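predicted model and sequence below, questions to follow.
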2 protein chains.
Amino acid sequence: MELPDGVVDALTDIVGFDGVRLAPGELAVYGRDATPLFEGRPDVVVLPRTTEQVAAVLRLATEHRVPVVPRGAGSNLCAATVPLAGGIVLALTRMTRILEISNEELLARVQPGVTTARLADAAGARDLLYAPDPGSRTTSTVGGNIATCAGGLRGLKYGVTRNYVLGLEAVLPTGEVIRTGGRLWKDVAGYDLTRLLTGSEGTLAVITEATVALLPKPAETGTGVAYFETLSDACRAVTAILSAGIVPATLEFLDQNCISAVEDFARLGLRQDAGALLLFGDDGPIEVVAGNLVRLRKICTEAGALEVTLAEDVARSDALLAARRCSLPALSRLAPLTILEDVTVPRPKLAAMVDQINEIAARYALRFATFGHAGDGNLHPTCVLDPDDGAAVDRAHKAFAEIFAAAIRLDGTITGEHGVGAAKLPFLADRLGTDQLRLLGRIKSAFDPAGILNPGKVGS
Amino acid sequence: MELPDGVVDALTDIVGFDGVRLAPGELAVYGRDATPLFEGRPDVVVLPRTTEQVAAVLRLATEHRVPVVPRGAGSNLCAATVPLAGGIVLALTRMTRILEISNEELLARVQPGVTTARLADAAGARDLLYAPDPGSRTTSTVGGNIATCAGGLRGLKYGVTRNYVLGLEAVLPTGEVIRTGGRLWKDVAGYDLTRLLTGSEGTLAVITEATVALLPKPAETGTGVAYFETLSDACRAVTAILSAGIVPATLEFLDQNCISAVEDFARLGLRQDAGALLLFGDDGPIEVVAGNLVRLRKICTEAGALEVTLAEDVARSDALLAARRCSLPALSRLAPLTILEDVTVPRPKLAAMVDQINEIAARYALRFATFGHAGDGNLHPTCVLDPDDGAAVDRAHKAFAEIFAAAIRLDGTITGEHGVGAAKLPFLADRLGTDQLRLLGRIKSAFDPAGILNPGKVGS
């Protein structure tokens, strides 16, 4: 689009010269996020420092019907922050203050541009735990995590970002500043806008401050690894663990393709003859962690594990977790293009889902590997290919469409933790049905009558 | 109102003769819930057995613009189910099937009319825990708990109803059946309607089925009691407990007035010279519970407790918990009318809030006692009075209005777990501001364009 006359000047009045970016190179950078194959181009990038500036930008945008795409670090994997219709990219990355951390109240209050790792480290220094732990934690922002309801490696025991958001300050597209929730564990005054905004992917309002719950830091953590002949065996172990009354902090899997890629990449000494690897771990009081790790080893062994090892110390534990954390970089080096997807199925159907992924991959002659959060039934089927091979890219799109349909058939969902964005929007009706999709559109209009906020995403 | 011609016949066609109630006595019963001083009168009560029947009733009601008030057991304390505008009371109390309990998937699927205690017992028989634990659990329904986002005695460690709702089947006022969420721990496909409906108090849709998360049942529970000279001392102990990294399952308080009433009522041997009583407890692995109880005793002693006792066995533990559970019945016998309210403040401000309650009570010459969930900062100031003393009733209304204003001034809220209903609606703007209140109204219209669902409540 072309910006209406005077908009850039007005934006400059609001945020100052140093808060406006118009150089072609910078516009190109903010035209993409971490999602391959999606690209837009903003007309201007705006970097506010205060809630008042955000409100003024939004009022201006609504008045002139200019699209606004709010954005944190742009590390999302679903094209949630790609400015499909141009307009303004509103980057919250200058609002980076940790306003408060309270041991007494077990909470933190932060601006949206604080990175997840920085909040977690600041909490950790006070013997507190910020539980959400997305893979992107070193780069992603708390605001972005809330906008996408980010998950991560601790979802089963600790839940996802949604479970830790106590209150939000947010600006409506029409410029009103609202405060939802607050510092309270229990508050049912009005509809739950705190949770509605969490996961709304920048389509309803712009988050300008968040109050999040913290936990006492667990005294001890421990990790182990089990190899299985097949992924079905590993899934049987997962079911046995949960049925035995243990809800571990970590329960991650790698399939055979993923084990090979990680071992080629990182030389961790992983067993290449295994069909699946299960990483398990727990945290809490020392005596509980020690006891649970022994029980987890026993259950895995009884479920037919080829081999089970408990990490003897923190260094060894970190090495085991590295196998999971480097899955994506390991796969990324196999080909120039990596498409990392994100489906969830009920836990007992995890092996069936991976079987279907592999069948679909074979049928489309594509190279796939799958890893993910076994405890949550949350899988990341990952396709590696050459982006210049147009036919392969087409086949990959068709393969993923079949994978999403298969997940829905298994009572699952098309995205467990990454979000819908532009990438999954075409599949959302299959998951929710057209009646619910129309309802989402009406909710969107209740917040954003002019439709300026992140057009072409959820609610559009 | 008067029902349009043919509506009763059409309702009878939908749910059968035995599903329609028109007798004056029955209409009177369904004109009230557990909230004193609020009364309405439905024109007809409808008791559906299936989702299809609910959908047909709602389509009919929207077509004829007839108000519909969905209702479970009617045990709420905020007039959320009082049919202020007449019309149809839609009682879900015949939809009482537990459809599924899965140890493997740690979930249950139930119809909305199942009582909370029945679900908890059925889960318990399978060594599973349904964590939400509202005081009304033996009579209240799961559907009603979800509609009000019910809290209870385990909020601090386990969270509230919201944290356990995985998926809902719900019928929109216009008759469409939607399914939100599902059987999954991680699902971010679309706006979080599961959480938006949770706590929406029957104003957005009618819940016809719920999938809820269960936990492995803790191996052990333990309880203790500490007496303090003042409530401020007790609050200091609460802060010390949480700052020490313990998040106990139970952390309840009674103020001096409440201790006296309970002791007069139940003769439990409570100390009458104490200014406050703190009940604490934990659950989990045996070694953890035993260790935590000893630490809790030590912290309370160091915070200046007059006396601390740990329950030696389950029977003694139940006796201690009885002091908390019988607070309301004990207060109810002091006068014919008991008004039980529900505010939350940040935990460190609990004692200041109780001081203000007592100051306000004295100024209005009213008899108050306060108990509640110290760990959540959630207080239940309770006024006992004679309903025939009109001047006292007027003073009580004024006193509660001041209490709500005081809670808001302390960064708190006007309802922590009971809901808004008709009782708190006049105070909601003070808590949320008019911009947010207008937004709630637009969200309500997105679900219910004709405004038939529970008029005169949140969103109206």
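Nice, thanks for sending it over.

check contacts around residue A:346.
Listed by CB atoms under 8 Å, 6 or more residues apart in numbering or on different chains, the contact partners of residue A:346 are A:377, A:410-412, B:105, B:183-184. No exception for glycine: its C-beta is placed from N, CA and C like everyone else's.

which of those residues tops the neighbour count?
Most neighbours among these, by other CB atoms under 10 Å in any protein chain shown: residue A:377, with 32 neighbours.

need the contact list for that one.
Going by CB under 8 Å, 6+ apart, residue A:377 touches A:344-347, A:349-350, A:412, A:416, B:184-186.

kindly report the same for residue A:223.
Contacts of residue A:223 (CB under 8 Å, 6+ apart): A:250, A:279-281, A:293, A:310-311, A:316-317, A:320-321.

direction included, what does the helix or strand harbouring it pair against?
In this assignment (DSSP states H and E), residue A:223 forms part of strand A:220-228. Looking at strand A:220-228 with DSSP bridges, its partner strands are strand A:276-284 (antiparallel), strand A:307-310 (antiparallel).

from the contact counts, what lies against the lengthiest helix in chain A?
Taking DSSP state H as the criterion, chain A has its longest helix at helix A:390-409. Contacts defined by 3 or more CB pairs under 8 Å, 6 or more residues apart in numbering or on different chains; DSSP states H and E place helix A:390-409 against strand A:337-340, strand A:343-344, helix A:350-363, strand A:378-385, helix A:425-432.

angle of it against helix A:350-363?
Using axes from the mean of the first three to the mean of the last three CA atoms, to 10 degrees, the direction of helix A:390-409 lies 160 degrees away from that of helix A:350-363.

next secondary structure after the strand holding residue A:223?
Following strand A:220-228 toward the C-terminus (DSSP H and E): helix A:231-243.

near chain B, anything from whatever helix or strand comes next after that following helix?
Sequence-wise, the next helix or strand downstream of helix A:231-243 (DSSP H and E) is strand A:250-255. No. Interface with chain B: strand A:250-255 contributes nothing (CB under 8 Å from any CB of the partner chain), its closest point being 11.2 Å away.

what's the helix or strand just after strand A:250-255 packed up against?
Toward the C-terminus, strand A:250-255 is succeeded by helix A:256-266 as the next helix or strand (DSSP H and E). Identification of packing neighbours for helix A:256-266 by 3+ CB pairs under 8 Å, 6+ apart yields strand A:276-284, helix A:314-325, helix A:327-332, strand A:367-373.

mind putting the ones you listed into CSV with mean neighbour count and mean pLDDT?
Shown next, in CSV, are those (neighbours: other CB atoms under 10 Å in any protein chain shown; pLDDT from 0 to 100):
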stretch, mean neighbour count, mean pLDDT
strand A:276-284, 26, 95
helix A:314-325, 17, 84
helix A:327-332, 21, 92
strand A:367-373, 26, 95
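
so which of these is nearest residue A:89?
With CB to CB as the criterion, residue A:89 lies closest to helix A:327-332 of the helices and strands packed on helix A:256-266, at 25.3 Å.

show me what that closest one is in contact with.
A:135, A:254, A:258, A:261-262, A:264-266, A:338, A:340, A:369, A:371, A:380, A:382, A:384.

if you set the cut-off to 7 Å instead, what comes out?
Helix A:327-332 has contacts (CB atoms under 7 Å, 6 or more residues apart in numbering or on different chains) with A:254, A:258, A:261-262, A:265-266, A:338, A:340, A:369, A:371, A:382, A:384.

got the CA positions of it in CSV?
The C-alpha trace of helix A:327-332 is given here as CSV (Å, rounded to 0.1, in the frame of the first residue of the first chain):
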residue,chain,number,x,y,z
SER,A,327,17.5,-30.9,16.9
LEU,A,328,16.6,-27.9,14.8
PRO,A,329,20.1,-26.7,14.0
ALA,A,330,21.1,-30.3,13.2
LEU,A,331,18.3,-30.6,10.7
SER,A,332,18.8,-27.1,9.3
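
tell me where the stretch 1-150 of chain A has strands.
Along the stretch 1-150 of chain A, the segments classed as strands by DSSP state E, counting those that start in this stretch run A:20-21, A:44-46, A:68-71, A:88-91, A:98-102, A:107-110, A:128-129.

is the last one positioned near chain B?
Going back to what we said before, that points to strand A:128-129. No. Judged by CB under 7 Å from any CB of the partner chain, strand A:128-129 makes no contact with chain B; its nearest approach is 8.8 Å.

quick one: list the elements packing against that strand.
Contacts defined by 3 or more CB pairs under 7 Å, 6 or more residues apart in numbering or on different chains; DSSP states H and E place strand A:128-129 against strand A:215-216.

how about residues contacting the strand it packs on?
In contact with strand A:215-216 (CB under 7 Å, 6+ apart) are residues A:106, A:127-129, A:131, B:245, B:247.

contacts for the least confident helix or strand in chain A by mean pLDDT?
In chain A, the helix or strand scored least confidently by mean pLDDT, DSSP states H and E is helix A:314-325, which has a mean of 84. The contact list for helix A:314-325 (CB under 7 Å, 6+ apart) reads A:221-223, A:225, A:252, A:254, A:262, A:266, A:268, A:270, A:277, A:279, A:311, A:371.

hang on, the earlier thing: out of the helices and strands packed on helix A:256-266, which comes closest to residue B:456?
Comparing these by CB to CB, strand A:367-373 comes nearest, at 44.4 Å.

still on that earlier bit, in a markdown table: the helices and strands packed on helix A:390-409, plus mean neighbour count and mean pLDDT.
Converted to a markdown table, the helices and strands packed on helix A:390-409 look like this (neighbours: other CB under 10 Å; pLDDT from 0 to 100):
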| stretch | mean neighbour count | mean pLDDT |
| --- | --- | --- |
| strand A:337-340 | 20 | 95 |
| strand A:343-344 | 32 | 97 |
| helix A:350-363 | 20 | 96 |
| strand A:378-385 | 25 | 96 |
| helix A:425-432 | 18 | 98 |
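
hang on, isn't residue A:455 packed against residue A:83?
No. Taking CB atoms under 7 Å as the definition, residue A:455 is not a contact partner of residue A:83, at 9.0 Å.

common neighbours of the two, please.
In contact with both residue A:455 and residue A:83: residue A:67, using CB under 7 Å, 6+ apart.

can you lay out the contacts of residue A:346 as TSV showing distance to residue B:161 and pLDDT?
Output for those, formatted as TSV (distance: CB to CB, whole Å; pLDDT from 0 to 100):
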residue	distance to residue B:161	pLDDT
A:377	23	95
A:410	27	98
A:411	23	97
A:412	24	98
B:105	19	94
B:183	18	97
B:184	18	96
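
could those be laid out in CSV, adding distance to residue A:289?
Output for those, formatted as CSV (distance: CB to CB, whole Å):
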residue, distance to residue A:289
A:377, 24
A:410, 33
A:411, 33
A:412, 31
B:105, 25
B:183, 29
B:184, 27
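
tell me the one among the residues you listed nearest to residue A:298.
residue B:105 (22.3 Å).

now do the end-to-end distance for stretch A:321-333.
Counting by CA to CA, to the nearest Å, you get 19 Å between the two ends of stretch A:321-333.

so which of residue A:455 and residue A:83 has more stuff around it?
residue A:83 (28 against 20).
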